[in-house]
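1. This is a predicted model, with the sequence first.
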Number of protein chains: 2
Amino acid sequence: MAGALSVSTQPTKTHLSSTQALVDTPEIQHDLSTSNIQGACKEFAAILGPENVSTERTDLITHSGSDYQSYAWTEESAILSQVILYPETTKQVSELMKVCFRRRLPVTPYSGGTSIEGQYIPHLQGVCIDFGRMNNIVELNKYDLDCVVQPGIGWMDLNDELAAHGLFFPPDPGPGAMIGGMVLSLTVVLADGTIIKTRQRARKSSAGYDLTRTFVGSEGTLGLVTEATLKLAVKPPCEAVAVCTFPTLRDAALAVREVLSNGIPVAAVEILDEVQMKSINDSALTRLKWKEEPTLFFKFTGSDDLMVDHLAKQVGNITKQNRSTAYTSASDETERNELWSARKNALWSMLAMRKSPTDKVWTTDVAVPLSRLPDIIEFAKADIEKSGLLGSIVGHVGDGNFHTLLLFPEEKRHIAEGIVRRMIDKAIEMKGTATGEHGVGLVKKDYLEKELGKEAVDAMRSMKNAFDPLCILNCDKVIRMKAA
Amino acid sequence: MAGALSVSTQPTKTHLSSTQALVDTPEIQHDLSTSNIQGACKEFAAILGPENVSTERTDLITHSGSDYQSYAWTEESAILSQVILYPETTKQVSELMKVCFRRRLPVTPYSGGTSIEGQYIPHLQGVCIDFGRMNNIVELNKYDLDCVVQPGIGWMDLNDELAAHGLFFPPDPGPGAMIGGMVLSLTVVLADGTIIKTRQRARKSSAGYDLTRTFVGSEGTLGLVTEATLKLAVKPPCEAVAVCTFPTLRDAALAVREVLSNGIPVAAVEILDEVQMKSINDSALTRLKWKEEPTLFFKFTGSDDLMVDHLAKQVGNITKQNRSTAYTSASDETERNELWSARKNALWSMLAMRKSPTDKVWTTDVAVPLSRLPDIIEFAKADIEKSGLLGSIVGHVGDGNFHTLLLFPEEKRHIAEGIVRRMIDKAIEMKGTATGEHGVGLVKKDYLEKELGKEAVDAMRSMKNAFDPLCILNCDKVIRMKAA
């Protein structure tokens, strides 16, 4: 390779270090010229067949955003990709990426379209890769308690399939359960088209760096996941649900602390505030009528009814000593589904409360150390009340993580923004995080330095640059790669 | 920076890609000249005080290896570091690394000296940083269920301290428990001295890349951990232990499968083979006499005795239907410690079986998908019997992970090597891993490509190069950085 060419094609840091500061990051050079895109489309069609390459305007628009996210979006103002691609295999994704890498085309991955922090907004245009046709269970290893799936598979579809084998994929809102922790291995296509598998299927490994965890939660900025091997769990034979109300959220949180510090194993514990409970009543999405008070929902699992009933009873005693105003539990399937229905319908009941169909929804989430959860929830509630917006709170108490759902007409977006900003600042001040589950996307990237410090973000940028030296994968999301 | 200088000080890949092949890796240039080391020692003394900088030969030797590892080592043939450093703070470690980075001195971190795959062997000489004086609990957040510790703290010391608060740090051999998963956040000093904190203390976060997991298990090759925030658990109020024997290891493994597929929560389940049980009897390290048969050790935890006794009974019924030859359980503390003592003394009892004090011990571990555990254990046992060496097996059945302990005189090292090699090859063939817990170090690095493929290892090398561009941190361990 000639020296001159090598300089122009190879952006490098200007000095040697373990991290990469934004100011040392070379300028990103994408090529969005019409001739480059047209040339690429011919290559894409040769790889996928022309029927899997779309430049239809309606298609471009449905892949450009939605009302159900924090990133301001309208159909009229949307930034659009130039082309949407529908691959069916890892090999095809790899071939597509080779084209994009050679042509310096930015790529936005798209899967369920449910991310809410701007993860799939094509803000730099270019190519959108839609994984909707990669939605199969590739392999089910019943006695190894794992399965291999493609990225487009629906979570509920997967569990329907698994139920026939007495198994389930358990990321539920239980204390400590996290999707990331349930992923054993990933097949990933890197920016230059290289295909890697992060691990084999053993449930434990210390063989080299944890590439699996490197890609989990990287939101498509380090590579494109084309297959995932998931840890499964045996469906617990028995389950019980309990619902318990309290005069205040703080009382509820203290009761949970007491339950956990007694070493009682709880499969899930969720908190809904009185605004949320009222909206469930008002929307009439459940058959039962609920007390409009801060409410805890517990789930207990076990190998027989004796055990789950015993757990439910123990928790009933503890909550009673912690100022609960009512406690109902059930282990019968119909009854417990009825009890759990309020939790399940929380989001939908709030959506039903929109005053106008054009009203927006902003759901954000933060997490704090366990002991600070009551403080930050009280802080957020007071802020919401003062704002005049309708906002509810749903929390995963065992994790110190909670979601705020805010409803607002577009002209009041700045008010919602203010609530979210203050909530995040407060969470960070409490040694918490700007996001427990939703991720960073475009919306939260400027909080990262505040939360983790410049050096940690510079270290992340160093990883980003190592895997994606041309910055074509979901570029400038999660980690800022060009000055604002 | 002048062009010529920039070329000579900045090793870069010769072409743009997401991964870094070994052939594209620039030659490593360390400076081990006497003048460079002497100059560095002056700087180290200024940072730490001269009393914390050692060049004593006995000190150099104790930091160069031990008999209790797979890497062939003798005091006489040992490769030595030039200097051992004893920092007490993160800031000092950072200052030391700045010196090493500027002077291109290779660094080997040393903590407990318990790693067994050559992790702390100073095979390229240079500087050894001993974390023995960084052994404090920095912060205990009882109601957040976390604590911040320095890297030199002993695991048992920590749990002694935590017990006073009804807490413990739970990586035990239970199904799915892993040290990595219990780490919330790390403070890390990078190769150039940059200090980063990977996360704040919330128990869940999606804020950027999972830097915590990037450094966990990287064996000091990506950065030096100077503080760790650990997730703690409430000490379960009640516990029971059960010991159960079987005619064959396969029967035992099938019984465990049956227990797990009944959704019975088991805090730990360990398997010891008949060789191991015999060595426990012969070494007389426990008061009880044991049946010399494949044996399962179960641990059950819960909020009250009723629950743990119930679990022990359920498991007793299942194992009886699965050809167990005896089943004993206990929830009383003295009795259950007595039952668990065999598990606890497994390693020591094998060491006691050495025929000569110069005999070596090779403990290796592999992991396979759950269903293949009986197959690989049978394979390994047959191989050990054929070899004539004394070797036992201890397995974490819930993880598909097990350890083989081999005793041999130095002249039979090649026989032990052969057993380990065939066991690893078989594990990889079964979609398992060359190491479940022990790590890679110097000993297992050439298995990585076989297990993960060249591309995945090249991706790891890309990460290594991003964080440690001069390859001074535990250089050429885990990931090969120069041709063999």
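-> It's in.

2. what about residue A:246, distance to residue B:108?
-> Separation of residue A:246 from residue B:108 (CB to CB, to the nearest Å) stands at 55 Å. To be clear about C-beta, it is placed using only N, CA and C from the backbone, and glycine gets the same treatment.

3. er, residue A:334 I mean
-> Taking CB to CB, one finds residue A:334 at 63 Å from residue B:108.

4. Could you pull up the residues touching residue A:123?
-> Residues near residue A:123 by CB atoms under 8 Å, 6 or more residues apart in numbering or on different chains: A:79, A:442, A:476.

5. Buried ones among the residues you listed?
-> Applying 16 or more other CB atoms under 10 Å in any protein chain shown to these, the neighbour count classes A:442, A:476 as buried.

6. how about JSON lines for the contacts of residue A:123, with distance to residue B:224, secondary structure and pLDDT added?
-> Output for the contacts of residue A:123, formatted as JSON lines (distance: CB to CB, whole Å; DSSP: H, G, I helix; E, B strand; the rest coil; pLDDT from 0 to 100):
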{"residue": "A:79", "distance to residue B:224": "43", "secondary structure": "coil", "pLDDT": "95"}
{"residue": "A:442", "distance to residue B:224": "34", "secondary structure": "coil", "pLDDT": "92"}
{"residue": "A:476", "distance to residue B:224": "31", "secondary structure": "coil", "pLDDT": "96"}
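
7. got JSON lines for the contacts of residue A:123, with distance to chain B too?
-> As requested, these are arranged in JSON lines below (distance: CB to the nearest CB, whole Å):
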{"residue": "A:79", "distance to chain B": "24"}
{"residue": "A:442", "distance to chain B": "13"}
{"residue": "A:476", "distance to chain B": "14"}
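
8. what's in contact with stretch A:276-286?
-> Against stretch A:276-286 from outside (CB under 8 Å, 6+ apart): A:272, A:289-295, A:338, A:341-342, A:345-346, A:348-350, A:352-353, A:390, A:392-394, A:405.

9. swap the cut-off to 6 Å and go again
-> Applying CB atoms under 6 Å, 6 or more residues apart in numbering or on different chains, the external contacts of stretch A:276-286 come out as A:290, A:292, A:295, A:341-342, A:345-346, A:348-350, A:352-353, A:392.

10. And the residues you listed, which of them are buried?
-> Taking 16+ other CB under 10 Å as the criterion, what is buried in the contacts of stretch A:276-286 is A:290, A:292, A:295, A:341-342, A:345-346, A:349-350, A:353, A:392.

11. Mind putting those into JSON lines with distance to chain B, pLDDT and secondary structure?
-> JSON lines is the format used below for those (distance: CB to the nearest CB, whole Å; pLDDT from 0 to 100; DSSP: H, G, I helix; E, B strand; the rest coil):
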{"residue": "A:290", "distance to chain B": "27", "pLDDT": "95", "secondary structure": "coil"}
{"residue": "A:292", "distance to chain B": "28", "pLDDT": "97", "secondary structure": "coil"}
{"residue": "A:295", "distance to chain B": "22", "pLDDT": "97", "secondary structure": "strand"}
{"residue": "A:341", "distance to chain B": "24", "pLDDT": "91", "secondary structure": "helix"}
{"residue": "A:342", "distance to chain B": "23", "pLDDT": "90", "secondary structure": "helix"}
{"residue": "A:345", "distance to chain B": "23", "pLDDT": "89", "secondary structure": "coil"}
{"residue": "A:346", "distance to chain B": "19", "pLDDT": "89", "secondary structure": "helix"}
{"residue": "A:349", "distance to chain B": "24", "pLDDT": "92", "secondary structure": "helix"}
{"residue": "A:350", "distance to chain B": "22", "pLDDT": "90", "secondary structure": "helix"}
{"residue": "A:353", "distance to chain B": "27", "pLDDT": "91", "secondary structure": "coil"}
{"residue": "A:392", "distance to chain B": "20", "pLDDT": "95", "secondary structure": "strand"}
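
12. one step back: who has more neighbours, residue A:334 and residue B:108?
-> Under the criterion of other CB atoms under 10 Å in any protein chain shown, the comparison of residue A:334 against residue B:108 puts residue B:108 first, with 26 against 8.

13. and the more buried one, what is it in contact with?
-> B:120, B:122, B:128 are the contacts of residue B:108 under CB under 6 Å, 6+ apart.

14. Which ones among those map onto strands?
-> Among those, the members found in strands (DSSP state E) are residue B:128.

15. Among the contacts of residue B:108, which one is most surrounded by other residues?
-> Note: the member of the contacts of residue B:108 with the most neighbours is residue B:120, at 28 neighbours, neighbours being other CB under 10 Å.

16. Excluding covalently adjacent residues, which one is nearest to that one?
-> Counting by CB to CB, 6 or more residues apart in numbering or on different chains, residue B:120 lies nearest to residue B:110, which is 4.8 Å off, once chain neighbours are set aside.

17. Likewise for residue A:111?
-> residue A:131 (4.8 Å).

18. Check what pLDDT that neighbour gets.
-> Confidence at residue A:131, expressed as pLDDT, is 96.

19. what's the answer for the one 3 residues further on, then?
-> Note for residue A:134: predicted pLDDT of 96.

20. before we move on, what SS does it have?
-> Here residue A:134 is coil, with the state taken from DSSP: H, G, I helix; E, B strand; the rest coil.

21. State the distance from it to chain B.
-> 20 Å (CB to the nearest CB, to the nearest Å).

22. Share the number of residues neighbouring residue A:143, please.
-> Neighbours around residue A:143, by other CB under 10 Å: 12.

23. contacting residues for it?
-> By CB under 6 Å, 6+ apart, the residues touching residue A:143 are residue B:371.

24. what pLDDT does it get?
-> For residue A:143, the model assigns a pLDDT of 91.

25. Over to residue A:173?
-> pLDDT for residue A:173: 40.

26. low pLDDT regions in the stretch 1-150 of chain A?
-> A:1-14 (pLDDT under 70).

27. change it to 80
-> A:1-15, A:67-69, A:112-113 (pLDDT under 80).

28. quick one: the strands in it?
-> Along the stretch 1-150 of chain A, counting by DSSP state E, counting those that start in this stretch, strands occupy A:53-54, A:83-85, A:107-110, A:127-130, A:137-141, A:146-149.

29. Endpoint to endpoint, stretch A:319-335 covers what distance?
-> Distance across stretch A:319-335, first residue to last, is 21 Å (CA to CA, to the nearest Å).

30. One more: stretch A:254-272?
-> End-to-end span of stretch A:254-272 (CA to CA): 15 Å.

31. So which bits of that stretch are buried?
-> A:255-257, A:259-272.

32. ok, the closest residue in space to residue A:373 that isn't next to it in sequence - how many residues close by?
-> Nearest non-adjacent residue to residue A:373, counting by CB to CB, 6+ apart: residue A:400, 5.0 Å away. By other CB under 10 Å, 29 other residues sit near residue A:400.

33. how about residue A:400, what does it touch?
-> Applying CB under 6 Å, 6+ apart, we find residue A:400 in contact with A:367-370, A:373, B:202-203.

34. Could you rerun that using 10 Å?
-> A:175, A:253, A:366-373, A:376, A:427, A:430, A:432-433, A:436, B:144-145, B:201-204 (CB atoms under 10 Å, 6 or more residues apart in numbering or on different chains).

35. any idea how far it is from residue A:367?
-> According to CB to CB, residue A:400 and residue A:367 sit 5 Å apart.

36. who touches both of the two?
-> A:373, A:376, A:427, A:430, A:432-433, A:436, B:201-204.

37. Could you dump those residues into CSV with pLDDT, secondary structure and distance to residue B:221 added?
-> CSV is the format used below for the shared contacts of residue A:400 and residue A:367 (pLDDT from 0 to 100; DSSP: H, G, I helix; E, B strand; the rest coil; distance: CB to CB, whole Å):
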residue, pLDDT, secondary structure, distance to residue B:221
A:373, 93, helix, 37
A:376, 95, helix, 38
A:427, 97, helix, 33
A:430, 97, coil, 34
A:432, 97, coil, 30
A:433, 97, strand, 27
A:436, 91, coil, 30
B:201, 94, coil, 26
B:202, 93, coil, 28
B:203, 90, coil, 27
B:204, 89, coil, 28
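
38. Among those, which one sits closest to residue B:309?
-> Closest approach to residue B:309 among the shared contacts of residue A:400 and residue A:367 (CB to CB): residue B:203, at 31.2 Å.
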